[in-house]
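Asks: Structural data only, the sequence is not supplied:
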Ligand code: SF4
């Protein structure tokens, strides 16, 4: 019952980040939230708001119900993340995690001085495994490859944002290979210059699944903004620093494309 998820992805693809960072922070955030609720819960018992005799009993009943719900949600999600098994209501739990817990976890990580990038990479890894576990498979036309503009060589004069096919596929940057990948599988491809353009592309193309390539910061916000649309995040490589001539791990990207088109088993390389 508690066997590790078969959808577990290699930590090397996520800069060495592991799920335990995400799970630990989520648990800590839940306990912190419960402690704050418990604090307010004992106030009526200490004589505050004592004008109403029924208030202490009511506050205990409501407070305990909320604490139990938070702990239940947390346990449900940790079970789902660890085993990859779906349970009833787990989609709502993912929603709450992405919308509520992750911002809280980032705040907590800042307080205890855990590297933000590490937390984000762990979040992306967990998100990807949950997307894989959901079993989503789409037609090529429903799959969107969303790329950042920094993947284009800085010195290239061709404008790609409105039409990626302006690329001459000269081989000086990954765009040519990415277009070849698009043509090979018939999926859609778009290049975005920022979050606003990316959101507009998603609204216009209406994909059923997105494979996004970007840095951890952009992937994290993209996953949150696009929820409940499944977004599988592929971390880019930055040999020249952030936002300059970035590279794409092509084999990891092609693996992801094949998985979502139903052409490859949902197990990472080496775990078949
Ligand atoms: S492959 Fe060549 S033409 Fe295409 S974007 Fe890169 S540098 Fe420009």
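Replies: Thanks, I have the structure now. Please read these numbers as outputs of a predicted model, since none were measured by experiment.

Asks: could you pull out the strands for this structure?
Replies: If DSSP state E is used as the criterion, the strands of the chain fall at 143-148, 188-192, 209-214, 231-235.

Asks: Rebuild those strands as TSV, extending it with distance to residue 128.
Replies: To be clear about C-beta, it is placed using only N, CA and C from the backbone, and glycine gets the same treatment. Formatted as TSV, those follow (distance: least, CB to CB, whole Å):
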stretch	distance to residue 128
strand 143-148	15
strand 188-192	20
strand 209-214	10
strand 231-235	5
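
Asks: Among the ones you listed, which comes closest to the ligand?
Replies: strand 188-192 (9.3 Å; CB to the nearest ligand atom).

Asks: just how off-centre is the closest one within its chain?
Replies: Chain-centre distance of strand 188-192: 19 Å, with CA atoms, centre = their mean, to the nearest Å.

Asks: So for it, what gets flagged as buried?
Replies: For strand 188-192, the neighbour count (16 or more other CB atoms under 10 Å) marks 188, 189, 190, 191, 192 as buried.

Asks: Take the strands of the chain and lay them out in a markdown table including mean pLDDT.
Replies: Below are the strands of the chain laid out as a markdown table (pLDDT from 0 to 100):
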| stretch | mean pLDDT |
| --- | --- |
| strand 143-148 | 97 |
| strand 188-192 | 96 |
| strand 209-214 | 97 |
| strand 231-235 | 96 |
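
Asks: I'd like the ones you listed written out as CSV, with distance to the ligand added.
Replies: Putting the strands of the chain into CSV (distance: least, CB to the nearest ligand atom, whole Å) gives the following:
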stretch, distance to the ligand
strand 143-148, 11
strand 188-192, 9
strand 209-214, 15
strand 231-235, 18
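
Asks: Nearest to residue 117, out of those?
Replies: Residue 117 sits nearest to strand 231-235 of all the strands of the chain, at 10.1 Å, using CB to CB.

Asks: ok, residues contacting that closest one?
Replies: For strand 231-235, contacts defined as CB atoms under 8 Å, 6 or more residues apart in numbering pick out 13-15, 121, 124, 127-128, 131-132, 209-216, 219, 222-223, 248-249, 252-253, 256, 260.

Asks: State the pLDDT value of the closest residue to residue 240 other than its chain neighbours.
Replies: Nearest residue to residue 240, sequence neighbours excluded (CB to CB, 6 or more residues apart in numbering): residue 246, at 7.7 Å. With respect to pLDDT, residue 246 scores 97.

Asks: And for residue 215?
Replies: For residue 215, pLDDT reads 95.

Asks: and of the buried residues of strand 188-192, the nearest to residue 169?
Replies: Closest to residue 169, out of all of the buried residues of strand 188-192 and judged by CB to CB, is residue 189, at 13.0 Å.

Asks: May I have the beta-bridge partners of the closest one?
Replies: residue 145 (DSSP bridges).

Asks: Any figure for the gap between it and residue 104?
Replies: To residue 104, residue 189 is 35 Å away according to CB to CB, to the nearest Å.

Asks: follow-up on the earlier one: quick one: which of the strands of the chain is nearest residue 162?
Replies: Closest to residue 162 of the strands of the chain, according to CB to CB: strand 188-192, at 9.1 Å.

Asks: Rebuild the buried residues of strand 188-192 as a markdown table, extending it with distance to residue 140.
Replies: Output for the buried residues of strand 188-192, formatted as a markdown table (distance: CB to CB, whole Å):
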| residue | distance to residue 140 |
| --- | --- |
| 188 | 8 |
| 189 | 11 |
| 190 | 15 |
| 191 | 19 |
| 192 | 20 |
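
Asks: can you count the residues close to residue 16?
Replies: 11 (other CB atoms under 10 Å).

Asks: dump the residue contacts of it.
Replies: Contacts of residue 16 (CB under 8 Å, 6+ apart): residue 121.

Asks: residues contacting residue 166?
Replies: 158, 159, 160.

Asks: Alright, I will stop here.
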